[in-house]
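> Model the structure of this input:
(one chain, ligands or ions: 1)
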Amino acid sequence: MNNVVLECRALSKQYQDGKQIVDVFRSIDLTLNKGQACAIVGSSGSGKTTLLNLLAGLDLATTGEVKLANVSWSSMKDAKRSKMRNKEMGFVYQFHHLLPEFSALENVLMPMWIAGMNKKEANKRGEELLGQVGLKDRLHHKPSQLSGGERQRVAIARALSNRPACVLMDEPTGNLDETTSLEIQNLINELKTTYDMAFLVVTHDEKMLSWMDSAYRLSQGVLQPIK
Ligand SMILES: Nc1ncnc2c1ncn2[C@@H]1O[C@H](COP(=O)(O)OP(=O)(O)OP(=O)(O)O)[C@@H](O)[C@H]1O
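Model prediction:
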């Protein structure tokens, strides 16, 4: 059975900055398997966000390719790419990006509505997910009525709503105090064992590495395994 969810081969990215060419990285290979959590650490400007954007098909590589569920992003038209992203990928960012005028539950329901899921089934799954992240009493609160940690829990529930093959997280605890950050780390770790999904987490927080299955450092354009 093929356990590979997301993979990139010989990936490189250059930016044209005026007359200068910026080589962010050259020839990156990475494989993400089902049920595995992988971390990428690296200093500011090392290219972590650029790599995540390429893996998510939000940006195109200069050379090399990225395959999600064995299909190359570059072989898909825009509409198919958006559909695949909505169905197969979940995203959690440092700042939660919740829609402020919608409740916690509605925010979690949104990706399922976009995917065309039956409303009753979506509601059931949304309530279940918010229960799993410890927010069953906060379903109808708006983001402004929630704490930072609670908002990040809603963002995590939203990322899992379409049961994606993989979840990409960019500094998911970067905006939280230490205690809340630990709670969120424990939650992600718990969800990793509950769902057979791949998690890729970009982080500055090296404490997170202890429960990761694998970890890499992105430095000077090279991805070095550190776990
Ligand atoms: N659109 C762009 N045009 C030119 N250069 C860019 C562009 N986007 C990013 N860069 C450069 O590419 C490099 C990698 O940027 P990136 O944002 O991926 O780093 P990062 O590791 O995510 O940093 P941080 O941890 O600070 O968010 C940086 O040197 C940045 O200045």
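> CA atoms only: put the worst-scoring helix or strand of the chain on mean pLDDT into CSV for me.
One helix or strand of the chain scores below all others by mean pLDDT, DSSP states H and E: helix 178-194, with a mean of 85. Output of helix 178-194 as CSV, limited to C-alpha atoms (Å, rounded to 0.1, in the frame of the first residue of the first chain):
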residue,chain,number,x,y,z
GLU,A,178,4.2,29.1,26.7
THR,A,179,1.4,27.4,28.6
THR,A,180,-1.1,27.8,25.8
SER,A,181,1.5,26.8,23.2
LEU,A,182,2.1,23.5,25.2
GLU,A,183,-1.7,22.9,25.3
ILE,A,184,-1.8,23.3,21.5
GLN,A,185,1.2,21.1,20.9
ASN,A,186,-0.4,18.3,23.0
LEU,A,187,-3.6,18.7,21.1
ILE,A,188,-1.9,18.4,17.7
ASN,A,189,0.0,15.4,19.0
GLU,A,190,-3.3,13.8,20.1
LEU,A,191,-5.0,14.5,16.8
LYS,A,192,-2.0,13.0,14.9
THR,A,193,-2.7,9.7,16.6
THR,A,194,-6.5,9.9,16.2
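> Sheet partners, orientation included, of the very next helix or strand once past it?
Remark: after helix 178-194, the chain's next helix or strand is strand 198-202, criterion DSSP states H and E. Next to strand 198-202 in the sheet, as set by DSSP bridges, lie strand 37-41 (parallel), strand 166-170 (parallel).
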